[in-house]
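In: Here is a sequence together with a model predicted from it:
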Amino acid sequence: MSRVEALQLLYKYLKNDKMRKHCLAVEAIMRRLAQKLGKDEAVWGLVGLLHDLDYDLVGKDMKLHGAKAAELLKEALPEELLKVIAGHNEYTGISPSSEEGQVMVKALQAADQASGLIVATALVMPNKKLSEVRVESLLKKLKSKDFARGVDRSKITGIEELGVPLQEFLRLSLEAMQEISSQLGL
C-alpha cells in the first residue's frame, strides 16, 4: 500500500480532524524511530498513519479498536502488520507473533502516547506552537501526573526496552512533529 492510498483511507474513515492530525504525528514519529532503529521507514510510517483508522467506527468500544482497523486493512497489508495495528491496543488481546512485530507494537504504543504529550505541552505554550516546546519541558510534563492525564507514561518510557533512551526518544519525537508542524496546525 502506498502512502497516498493510506491517506485516502484515513480521510475516508476518520472524519475528526484532530484524529487525522494525531495519525500524521504518529506516522512522523514512527518514521523517525524506524530510521533510528534501522527499520523500514515506509512500513513503520504506514503503521503509524493507519493505527487509529477505525476510531470513528468503534466509538467508545476499546475492545474493538485496532481489531476493526485490521479488518478494514486485511486486503492491503500483511498479516503481521495487521496484528501490530490491532495489538497497539492491548484490549484486543491480539499481538504479533514475530519479534519484529513485537518491537513495532512497543514503538507504536510509545509514539502514540508521546504525540499526545507533545501536543498537550505545545498547547500550554504562549503561542501554542511546537517550536516553543523543549525536551526538558517534555521530561518535566512526563513526571507531572496531573498534566495530560490521558497519556500513558509507561508506554512512553517503555521505549527504553528497545534500546532508545527516553530523552533521545522525546527529542526524536518532538523533531519529527516539528517538521510537520504546519500540517498539525501547531
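Out: Happy to help now that I have it. Just so it is clear, the structure is predicted and the values come from calculations on it, not from any experiment.
In: what number of residues lie near Lys18?
Out: Lys18 has 11 neighbouring residues, counting by other CB atoms under 10 Å. No exception for glycine: its C-beta is placed from N, CA and C like everyone else's.
In: Then His88?
Out: By other CB under 10 Å, 27 other residues sit near His88.
In: My guess is it contacts Val105. True?
Out: Yes. Between His88 and Val105 there is a contact at 5.9 Å, judged by CB atoms under 8 Å.
In: what's the residue of the chain most remote from its centre in contact with, if anything?
Out: The outermost residue of the chain relative to its centre, with distances by CA atoms, centre = their mean, is Pro126 at 25.3 Å. By CB atoms under 8 Å, 6 or more residues apart in numbering, Pro126 lies in contact with Glu132.
In: show me where the chain has helices.
Out: With helices called from DSSP state H, the chain shows them at 3-13, 17-37, 41-50, 55-58, 67-72, 79-87, 99-123, 135-143, 153-157, 166-179, 181-184.
In: average model confidence for the longest one?
Out: It stands for helix 99-123. Averaging pLDDT along helix 99-123 gives 97.
In: what do you get for the fifth one?
Out: For helix 67-72, the mean pLDDT works out to 94.
In: Now do the buried residues in it.
Out: Across helix 67-72, burial judged by 16 or more other CB atoms under 10 Å covers 67-70, 72.
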